[in-house]
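> A predicted structure for the sequence below; I have some questions about it.
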Amino acid sequence: MLFFYLSEVYAPWLAPYAYGIVLLGFLLFLFRFFENLYAAQFNKPLFRHYFIYKKLSAVQLSILTTEFNFYNLLTKKQKQQFEHRVAHFISEKRFIGRDNLIVTERMSVLIAAVGCMLSFGRKNYSYSLINVVLIYPDQFFSVINNNYHKGEFNPKEKALVFSWSDFENGFKITNDNLNVGIHEFMHAMQLEAKTSRDLDSLRFSKHFQNILKQLTLQNVKDKIDKTAFFRAYAFSNQYEFMAVLAEYFFESPTEFKSQFPKIYDYTKKLLNFNFAQY
Ligand SMILES: [Zn+2]
């Protein structure tokens, strides 16, 4: 019986496969090791995007090309990556209409597109703290501070909440530095950076500290007061500051860069954002 058992286990023909698997595991380990080393050294992912296999439908794609200018500014390869990420976001998250709003394809594509634009420089792009996107037709009453809101990120419910009319104005009017989509997605990204240890979160935390350090410098403080470039709401707290900074980064990159080059540069590094005109 024992002999029979041993002969079952001893299967020499399996050996090459076993070696293969061990070798593969070792190579993967080496690659991961090198990838982490690279990220620590250069503060950005070695590869931000490996596989492209998800596609948008023709209708979804035409919404991007006609309404989402950032997409049109990308290279061919970046467009495919962006498409994959938008499709991934739409398939992963639930979109729910509130107050009788029917969620249209246009809404889900444009909301996903704003989120994917903000996270486009990252390897980790899928917003693990968001499961559901709630959409109201207009500003909605929030029990958080008993007030009407244009948007909100609720980490407890893992929900991103928007007033559709304000979300639409946010991306349609591209030069007023108001973009509630970018603003709320940044809240979700920043909270994730605080609680996660992935490469993108570590880079986020590092450059966020650099930005905060800038804010302690007297000459920067004076310039913030003198120019009144950033709207006052930015200075409510650290989270609002980062969310407002992201709105300015996307809507007024040129002016932001010329007024506060260091803060702009750290924001660009924090997002690893080297696309289009940024
Ligand atoms: Zn906010």
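Here it is on my side, so go on.

> for the stretch 101-250 of the chain, what spans make up the helices?
105-118, 164-172, 180-195, 199-216, 218-227, 238-251 (DSSP state H, counting those that start in this stretch).

> Show me what the fifth one is packed up against.
Contact analysis of helix 218-227 by 3 or more C-beta pairs under 8 Å, 6 or more residues apart in numbering; DSSP states H and E lists helix 199-216 as its packing neighbours. Placement of C-beta: from N, CA and C, glycine included.

> Select, out of the helices of the stretch 101-250 of the chain, the one closest to residue 131.
Ranking these by proximity to residue 131 (C-beta to C-beta) places helix 180-195 first, at 10.7 Å.

> my read: residue 239 touches residue 190, true?
Yes - using C-beta atoms under 8 Å, residue 239 makes contact with residue 190 at a distance of 6.1 Å.

> Between the two, which is the more surrounded one?
More crowded of residue 239 and residue 190, by other C-beta atoms under 10 Å: residue 190, with 22 against 14.

> Grab the nearest non-local neighbour of that one.
Distances taken as C-beta to C-beta, 6 or more residues apart in numbering put residue 242 closest to residue 190, at 5.4 Å, once the chain neighbours are dropped.

> Is the one you found in contact with residue 208, as I believe?
Yes - Residue 242 lies in contact with residue 208 (C-beta under 8 Å); the separation is 6.6 Å.

> Give me the common contacts of the two.
residue 190 (C-beta atoms under 8 Å, 6 or more residues apart in numbering).

> which bits of this protein sit near the ion?
240, 243 (C-beta under 5 Å from the ion).

> Flag the shaky bits of the stretch 1-150 of the chain, pLDDT-wise.
Flagging of the stretch 1-150 of the chain using pLDDT under 70 yields the residue ranges 1-10.

> check contacts around the residue nearest to residue 190.
Contacts for residue 242 (C-beta under 8 Å, 6+ apart) come out as 186, 190, 208, 211.

> From the residues you listed, pick the one nearest the ion.
Set against the ion, the nearest of the contacts of residue 242 by C-beta to the ion is residue 186 (8.1 Å).

> Disregarding flanking residues, what is the spatial nearest neighbour of residue 162?
residue 151 (4.9 Å).

> right, and the one you found touches residue 182 too?
No - Residue 151 lies out of contact with residue 182 (C-beta under 8 Å); the separation is 9.9 Å.

> And the residue nearest to residue 190, how far from residue 260?
The spacing between residue 242 and residue 260, counted by C-beta to C-beta, to the nearest Å, is 14 Å.
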